[in-house]
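> Here's my sequence, what's the structure:
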Amino acid sequence: MSRLFGLILSILPVMLFPNSGNPAPVARDLDAPERLQILIREATCAEASAPWSAKLNGTSVSDALISSTAARTIFYVSPDGKDTWSGLLPTANQQGGDGPFASIERARDAAREKGGPTTIALGKGDYYLTQTIVFDARDTGLVLTARCNEAPVLHGGPRVGSWAQLSDGRWTALLKLPPDESVGDLFVNRVRQTRARFPNAPADDDPREGWLFAAKCKPAIDIWDGNTRFCFHAGDLPDVGDAGGLVVNIVGGYRPGTQWGNDTLPVVSIDGAGRTVFTKGTGIFFTAEGSRYFLTGARSLLDAPGEWWHDLAAGELHYIPVDQSFPDSVVVAGVLPTFLKLDGANGMVVSGLELRDGAPEGSGKFYTDTRGFGAVRIEHADGVKILGNSIENVGVGIHVTESKDALIAGNVIADVAGNGIYVGTNYGTFGKSDGSRILSNHIHDVGKVYIETAGIWFQAADNVRIADNLIENTAQFGIAGGSLWGSNDAVYNAVIEHNVIRNANQQTADGGAIKMMGEQADPLNSIIRSNLVTGTGHLMNKADGTFWPPGYENTSEWPSPISWAIYTDGKASGLRIEGNSLSDNVSGIGINGGWSNLVTGNVITGGSGAAFRVDDGTGRGWHPPWARPNRIESNVVSIDSSNGLAAYVHAPDHGAGYVQFARNRYIGNLSNQSFRVNPRIMRSGEFGSLGDLQKAGADTGSVVAPE
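Numbering: from 1, shown residues only. I've put the predicted structure just below:
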């Protein structure tokens, strides 16, 4: 992250509004994710001479990593080791009779037997895991880390070898798995391959290609029936034979037309005559005419280079190589959604490891309502630290449930099927994960399978701090927080600051870079400040399979895509949104349903839609006694789009007192329709100019400045 962004953000609002305060820089160079990852690895590796201290002075984690002065027993692990050895030597001795362990499980058990402060040190090389490694209360305070200057790699499944080529050019290999396991993903030379599908995946990864589009059912079906079935056009689907194992990946939402999520739904049956696909539904997921989808999981769909299919019954893996070098490739079958599970292991540290090539389970709705997976999964374990790791090609990067004071810092998390980091609770028990700190992580390419996800998602987590993270290329959210189930998972006193979020909401029709929910309907007392957000987009198709243009926004049309850089939803109230720099997004800042929010000192430039959108939709009819108007004041807004829409307000239920504008500076392409306000307080009607708005007594002290 460049110091330039921080300098601009810290100076510009002060120059324009000297009394509005001086927001801190977006990010500090010392806390840039990759730099902090290197420092953490050097400080926490097994043989570090002064662990956890001097190297991290001045960083965001310096006050959190105070290591014990007590001597620690080190148990070593190496791919070249043996579990019959003592594990007390980093390499085999000259006699070949002693050396490191071969497995992490053996080192864990030895640490339990030894007792006292203990470190498990992993040596360089590849570790192919066959089952989740579980740590519990007996492992309190354990450190699992790398040897200094070495790079251990944990793979989420076995390496597959002994391939045989068939006459048609396909290759097969034996891969027998336990009845409760399956191949979630296949990786060739560290690259995820494609499960056999129809239509085939586009070669250029264009998200608008490779889809079929649901037809209108005749006779029409009830909206709720769209949860378990959809119809297809004549000639769209190939004959897949037995539907066993067939899955549909389909985009839908809370109701037809929203397209804000997707799911991977097992197919129950296909009625060819009625052109209907019957699926196992989820309870809240809907499909309709135009829902985009593709099929996967049938042998008959295996027809393109890079595709694979696993015959679970026969224990055979089938693959069509991309090139002729395949026989020399390293192939890994991703079968584990969770590599390391910390269940009650308070104070445990995991640092300096690479975890990759796992199964993609984690963020779909079908059987995963609690989003209950993660390459590193933390359950009921307080004070855990996940530091300086690289996590790639997994389902969910790090999952924290009902665990307090977690520290997640300096990790690189990439190419995940669902969320990058999840901090929250289990549905039904609703224990909290208070005090979490998520600092200086680089999270990118998030939501590769499940699009209703985020780089960082948190709920039931009071006093959380999310700072200095770089988040890029997410399917829906960069950072999403707040309650989904009312007071059960409410969030209070959250601080989201100094993050850089680029290219969020690349796959859905309703999303954004930073979102806060408030279904509990009381003040969150939280802050979103000094963040840099750019390139937030959307993706939505029409019933005929064509897509809305990138950046499209039309506040008079529904359904149509919606996208914000920062927005509040579900009655989220009591938020301070301050000093953020938002450029080249669709809409800038949105408020939906809440009260008593303050939007101040933000700089909004280059958007294709409205700079501000305010709606009473999720809070219609709700006006608690503590409610105060939402205030949008002392912001700088550059209007570059042809529609020239500075603000759109739709709050007829709450009236003119729902939002107040004041002391903003508008620059650029303003017109006599730059403000759209309902209730119609302007004499010109619903649309008007800044002058029209001010004549109605609103947006006082604001000016249109020359460019």
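> Please, where are all the helices along this protein?
3-16, 33-44, 104-114, 690-695 (DSSP state H).
> in the shortest one, what's buried?
Read that as helix 690-695. Within helix 690-695, the residues that count as buried by 16 or more other CB atoms under 10 Å are L690, D692, L693, Q694. Glycine gets a C-beta too; all of them are placed from N, C-alpha and C.
> Please convert these to a markdown table, extending it with distance to V396 and pLDDT.
Below are the buried residues of helix 690-695 laid out as a markdown table (distance: CB to CB, whole Å; pLDDT from 0 to 100):
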| residue | distance to V396 | pLDDT |
| --- | --- | --- |
| L690 | 46 | 95 |
| D692 | 49 | 95 |
| L693 | 45 | 94 |
| Q694 | 49 | 95 |
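> Dump those into a markdown table; add distance to R377 as well.
A markdown table is the format used below for those (distance: CB to CB, whole Å):
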| residue | distance to R377 |
| --- | --- |
| L690 | 52 |
| D692 | 56 |
| L693 | 51 |
| Q694 | 55 |
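> hang on, the earlier thing: between the helices of the chain, which gets the lowest average pLDDT?
Lowest mean pLDDT within the helices of the chain: helix 3-16, a mean of 37.
> do you know how far the closest residue to I501 other than its chain neighbours is from G261?
Leaving aside its chain neighbours, I501 sits nearest to G478 (3.7 Å; criterion: CB to CB, 6 or more residues apart in numbering). Note on G478: its distance to G261, by CB to CB, to the nearest Å, is 16 Å.
> Pick out whichever of these two has more residues nearby.
G478 (34 against 29; other CB atoms under 10 Å).
> could you measure that one against Y658, distance?
Taking CB to CB, one finds G478 at 27 Å from Y658.
> In the chain, which residue is most central in space?
A454 (2.2 Å; CA atoms, centre = their mean).
> ok, for it, nearest residue in space, not its chain neighbours?
Take A454 and drop its neighbours on the chain: the residue closest to it by CB to CB, 6+ apart is F477, 3.6 Å away.
> Report how many residues lie close to the one you found.
27.
> What of D109?
When counting by other CB under 10 Å, one arrives at 16 neighbours for D109.
> One more: V637?
28.
> Show the contacting residues for it.
By CB atoms under 8 Å, 6 or more residues apart in numbering, V637 lies in contact with G588, I604, T605, A611, F612, A646, N664, R665, Y666, I667.
> doesn't A611 make contact with the second one?
Yes: A contact is recorded between I604 and A611 when judged using CB atoms under 8 Å, the distance being 4.8 Å.
> Could you name every residue contacting both of those two?
Counting by CB under 8 Å, 6+ apart, the common neighbours of I604 and A611 are G588, I589, N635, V637.
> just for the stretch 501-650 of the chain, where's the confidence low?
Segments of the stretch 501-650 of the chain classed as low confidence (criterion: pLDDT under 70) are 641-643.
> still on that earlier bit, generate JSON lines for the contacts of V637, with neighbour count and distance to L301 as supplementary columns.
Formatted as JSON lines, the contacts of V637 follow (neighbours: other CB atoms under 10 Å; distance: CB to CB, whole Å):
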{"residue": "G588", "neighbour count": "30", "distance to L301": "43"}
{"residue": "I604", "neighbour count": "28", "distance to L301": "46"}
{"residue": "T605", "neighbour count": "19", "distance to L301": "46"}
{"residue": "A611", "neighbour count": "28", "distance to L301": "46"}
{"residue": "F612", "neighbour count": "26", "distance to L301": "47"}
{"residue": "A646", "neighbour count": "31", "distance to L301": "49"}
{"residue": "N664", "neighbour count": "26", "distance to L301": "54"}
{"residue": "R665", "neighbour count": "17", "distance to L301": "56"}
{"residue": "Y666", "neighbour count": "24", "distance to L301": "54"}
{"residue": "I667", "neighbour count": "16", "distance to L301": "53"}
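> Tell me, what's the model's pLDDT at W260?
Reading off the confidence values, W260 has pLDDT 88.
> likewise the one 5 residues further on?
What the model reports for L265 is a pLDDT of 90.
> What of C45?
Looking at C45, the pLDDT reads 89.
> how near is it to E686?
From C45 across to E686, the span is 63 Å (CB to CB).
> And those two? Which one has more around it.
C45 (20 against 17).
> hang on, the more buried one packs against V143?
No: look at C45 against V143 with CB under 8 Å: they stay out of range, at 10.1 Å.
> what do these two both touch?
S351.
> what separates R147 from G99, distance-wise?
Taking CB to CB, one finds R147 at 13 Å from G99.
> before we move on, the earlier item: what's the distance between the residue nearest to A454 and A414?
17 Å.
> Also S638?
Distance from S638 to A414, by CB to CB: 33 Å.
> If we go by neighbour counts, what in stretch 227-242 is buried?
Buried residues in stretch 227-242, counting neighbours by 16+ other CB under 10 Å, are found at N227, T228, R229, F230, C231, F232, V240.
> could I get those residues as TSV with distance to E519 and pLDDT?
Shown next, in TSV, are those (distance: CB to CB, whole Å; pLDDT from 0 to 100):
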residue	distance to E519	pLDDT
N227	22	89
T228	26	93
R229	30	94
F230	29	95
C231	33	96
F232	36	97
V240	41	87
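> ok, those residues vs S103, which is closest?
Nearest to S103 among those, counting by CB to CB, is V240 at 41.2 Å.
> quick one, what contacts R229?
Here R229 is in contact with C217, I221, T276, V277, F278, T279, T287 (CB under 8 Å, 6+ apart).
> Apply 6 Å and report the result again.
T276, F278 (CB atoms under 6 Å, 6 or more residues apart in numbering).
> how about the strands of the stretch 51-200 of the chain, start to end?
Assigned by DSSP state E, counting those that start in this stretch, the strands in the stretch 51-200 of the chain fall at 73-77, 118-122, 125-128, 133-135, 143-146, 152-155, 164-165, 171-174, 185-188, 191-192, 194-195, 197-198.
> ugh, wrong one, the stretch 201-350 of the chain
With strands called from DSSP E, counting those that start in this stretch, the stretch 201-350 of the chain shows them at 212-213, 229-231, 247-252, 261-271, 276-279, 292-296, 307-311, 316-319, 331-334, 340-343, 349-351.
> ditto for the stretch 601-707 of the chain
603-605, 612-615, 630-633, 636-639, 647-650, 659-662, 665-668, 675-678, 687-688, 703-705.
> Indicate which one of these is closest to P266.
strand 612-615 (36.5 Å).
> List the buried residues for stretch 196-203?
A196, R197, F198, P199, N200, A201.
> quick one: that stretch to chain centroid distance?
In terms of CA atoms, centre = their mean, to the nearest Å, the gap separating the centre of stretch 196-203 from the centre of its chain is 24 Å.
> any residues touching it, and which ones?
T194, E209, G210, P238, F294, L295, T296, L301, L302, A304, E307, W309.
> Using CSV, lay out the residues you listed together with pLDDT and distance to P549.
Formatted as CSV, the contacts of stretch 196-203 follow (pLDDT from 0 to 100; distance: CB to CB, whole Å):
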residue, pLDDT, distance to P549
T194, 96, 28
E209, 96, 16
G210, 97, 19
P238, 91, 31
F294, 97, 23
L295, 97, 28
T296, 95, 29
L301, 95, 32
L302, 95, 35
A304, 96, 29
E307, 97, 31
W309, 96, 37
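> Count the neighbours of the closest residue to Q165 other than its chain neighbours for me.
Closest residue in space to Q165, ignoring its immediate chain neighbours: W171 at 5.3 Å, by CB to CB, 6+ apart. Using other CB under 10 Å, W171 has 17 neighbouring residues.
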